[in-house]
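> Requesting a structural model of the entry that follows:
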Amino acid sequence: MPANLTPEYKKAEELLRQAKTIAEKISALELMLQTIPKHKGTDHMQADIKRRLSKLRSTPQTRAGARQGDIFYIPKGPVGGQVVLLGMPNSGKSSIVGALTNANVQVADFPFSTTVPVPGVMKYEDIPIQLVDMPPITRDHVAPGQTNAYRQSDLILGVVDLSATDVTDQVEICLDFLRQRTLIPPEDTQADETIYRHMVRPCLWAATKADLTNEGDFEVLHEIYRDKINMTCTSAKNQDRLKDLIRRIFRELRILRIYSKIPGKPPDMGEPFILPIGATVLDLALKVHRELAEKLRFARAWGQDKYPGQQVPRDYILRDKDIIELHFA
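Predicted structure coming up:
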């Protein structure tokens, strides 16, 4: 039986050929396994991919936890999402991470002050979100392994210096970096988006240092890229703009906060369950307890769109801040 490999799989193969670090190779092989057509004609190929993955994962540096062998492996931890920053030297990445998190970032006027990833955690209302400051990129230089940190992220935050005369060049260099590594779709509007859906990452752009610019500068930049990227204006020295950036980051992560309730007891409004937009009651049950989920009968929901305690089916689509009471057989 012919393999009938899809363009999506072939693109993943190309990423493997370009991979330089063990983490990048593992990421590419995982993508190949995810996108390969599943039928008898590819059984031997699937087995080979799994064998190669097993071999890479068993290397000493991988067994040690990857952090010792790959500085760009950044554990996410118990957070609502991981946001990895992208930008050129002195774009303001470190200032943003420093202003929003507890991270010990190096903020300096000289370029390349950030040489390794620096993670920190910010709060949006009641959920933690991880921000990761990264070494800057240039037109000619990207640190080996850095791409994989972006590929593993939940959101890429592109940062450009609005006060710089070359701000449009900064945007274009960052866009080229993302396109060349299939982190965003190609510029060709006729390209088949299904080829790239497992590879691209959502992106938000922040034009920083608004406190150093003239009124109207952001509007000019925004007009140039209105149809290309999702951009907001911010400043590490302006609390209102920072709060708006936090809200935008949460929105772009496309996640929901769901609170659980045990029948006969008040809801647990402490740490919510985090689920993607579009998740159902059954998805919540699977997250609570995979085996119990098979016995799920129905749920009761408290939220903006429902009467308090209204019974809802397993396929009810959840809304942010819903309170859900699960009922099992």
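> which residues touch I262?
Contact analysis of I262 by CB atoms under 8 Å, 6 or more residues apart in numbering lists D268, E325. Any C-beta I mention is one placed from the backbone N, CA and C, and that applies to glycine too.
> Distance check, it against H327.
I262 sits 11 Å away from H327, going by CB to CB, to the nearest Å.
> same thing with D140?
60 Å.
> Equivalent analysis for V312, please.
10 Å.
> swap in V160?
50 Å.
> Who has more neighbours out of the two?
When V160 and H327 are compared for neighbours, V160 comes out ahead with 29 against 13, by other CB atoms under 10 Å.
> W302: neighbour count?
17.
> Need the nearest residue in space to it, chain neighbours excluded.
Nearest in space to W302, with sequence neighbours left out and distances taken as CB to CB, 6 or more residues apart in numbering, is I323 at 3.9 Å.
> residue contacts, the one you found?
I258, Y259, S260, K261, P267, A301, W302, G303.
> do V312 as well
Taking CB under 8 Å, 6+ apart as the test, what V312 contacts is V281, F298, A299, R300, A301, K306.
> In CSV: the residues you listed, plus neighbour count and distance to P135.
Below are the contacts of V312 laid out as CSV (neighbours: other CB atoms under 10 Å; distance: CB to CB, whole Å):
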residue, neighbour count, distance to P135
V281, 24, 43
F298, 16, 51
A299, 24, 46
R300, 19, 49
A301, 23, 45
K306, 16, 47
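> So L131, which state does it fall into?
strand (DSSP: H, G, I helix; E, B strand; the rest coil).
> list the buried ones in the helix or strand hosting D169?
Under the criterion of DSSP states H and E, D169 resides in helix 167-180. In terms of neighbour count (16 or more other CB atoms under 10 Å), helix 167-180 has its buried residues at V167, Q170, V171, I173, C174, L175, F177, L178.
> for this protein, what are the low-confidence residue spans?
1-2, 60-70, 108-113, 188-196, 306 (pLDDT under 70).
> hmm, try it at 50
Confidence mapping of the chain against pLDDT under 50 gives the ranges 65-68.
> Distance of the residue nearest the centre of the chain relative to L326?
Central residue of the chain (CA atoms, centre = their mean): D154, 1.1 Å from the mean position. Per CB to CB, D154 is found 26 Å from L326.
> Need the residues touching each of V312 and H327.
F298, A299, R300.
> contacting residues around the second one?
Applying CB under 8 Å, 6+ apart to A299 gives the contacts V281, L284, A285, Q311, V312, P313, R314, Y316, I324, E325, L326, H327.
> Ok, the last one next?
For R300, the residues meeting the contact criterion (CB under 8 Å, 6+ apart) are K261, G309, Q310, Q311, V312, I324, E325, H327.
> tell me which element it falls in.
strand 296-302.
> Distance from that strand to the middle of the chain?
Centroid displacement of strand 296-302 relative to its chain, using CA atoms, centre = their mean, to the nearest Å, is 30 Å.
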